[in-house]
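Colleague: Below: sequence and its predicted model.
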Amino acid sequence: MQVYDPTAPMAAPAEDLRQRVADLSGKVIGFIDNTKPNFNLLAQDLGELLLERYGVKAVIQKRKRSVATAAPNEVLEELARECDLVITGSGD
């Protein structure tokens, strides 16, 4: 039996790609919805909690056209420009 690993190798160690946000107060948080069922509801609820409990300044939600496609470059560029933190997710 052969088992295939579907993950691609990382270009850089994960530690190098992450930037930690020490405090959410006053930050703008983005969500990229991959269109799977229920992620939009999860992002909406999380956004409300972030605003109410953690002093987040704003929440921006963007939705991909399909789970099978990447978010358009203009959406990624907008989120990178406007957000301090972006969360991508999957529903179901």
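Modeller: Perfect, thanks for sending it. Numbering: from 1, shown residues only.

Colleague: For residue 63, which non-adjacent residue is spatially closest?
Modeller: Excluding its sequence neighbours, the residue lying closest to residue 63 (CB to CB, 6 or more residues apart in numbering) is residue 33, at 4.2 Å. Backbone N, C-alpha and C define where each C-beta goes, glycine included.

Colleague: for this protein, which helix is longest?
Modeller: If you go by DSSP state H, the chain has its longest helix at helix 39-54.

Colleague: so what does it touch, helix or strand wise?
Modeller: Contacts defined by 3 or more CB pairs under 8 Å, 6 or more residues apart in numbering; DSSP states H and E place helix 39-54 against strand 28-33, strand 58-63, strand 85-89.

Colleague: Report the buried residues of it.
Modeller: Using 16 or more other CB atoms under 10 Å as the test for burial, helix 39-54 gives 39, 40, 43, 47, 50.

Colleague: Quick check: chain neighbours aside, which residue is closest to the fourth one?
Modeller: Distances taken as CB to CB, 6+ apart place residue 59 nearest to residue 47, at 3.7 Å, with adjacent residues excluded.

Colleague: Roughly how far does the one you found sit from residue 31?
Modeller: 7 Å (CB to CB, to the nearest Å).

Colleague: Common neighbours of those two, please.
Modeller: The contact sets of residue 59 and residue 31 overlap at residue 47 (CB atoms under 8 Å, 6 or more residues apart in numbering).

Colleague: Return the most buried member of the helices and strands packed on helix 39-54.
Modeller: strand 28-33 (a mean of 22; mean count of other CB atoms under 10 Å).

Colleague: So what's the gap between that one and the chain middle?
Modeller: How far strand 28-33 lies from its chain's middle: 5 Å, per CA atoms, centre = their mean, to the nearest Å.

Colleague: quick one: strands adjacent to that strand?
Modeller: strand 58-63 (parallel), strand 85-89 (parallel) (DSSP bridges).

Colleague: For residue 27, which of those strands is the nearest?
Modeller: Among the strands paired with strand 28-33, strand 85-89 comes nearest to residue 27, with 6.2 Å by CB to CB.
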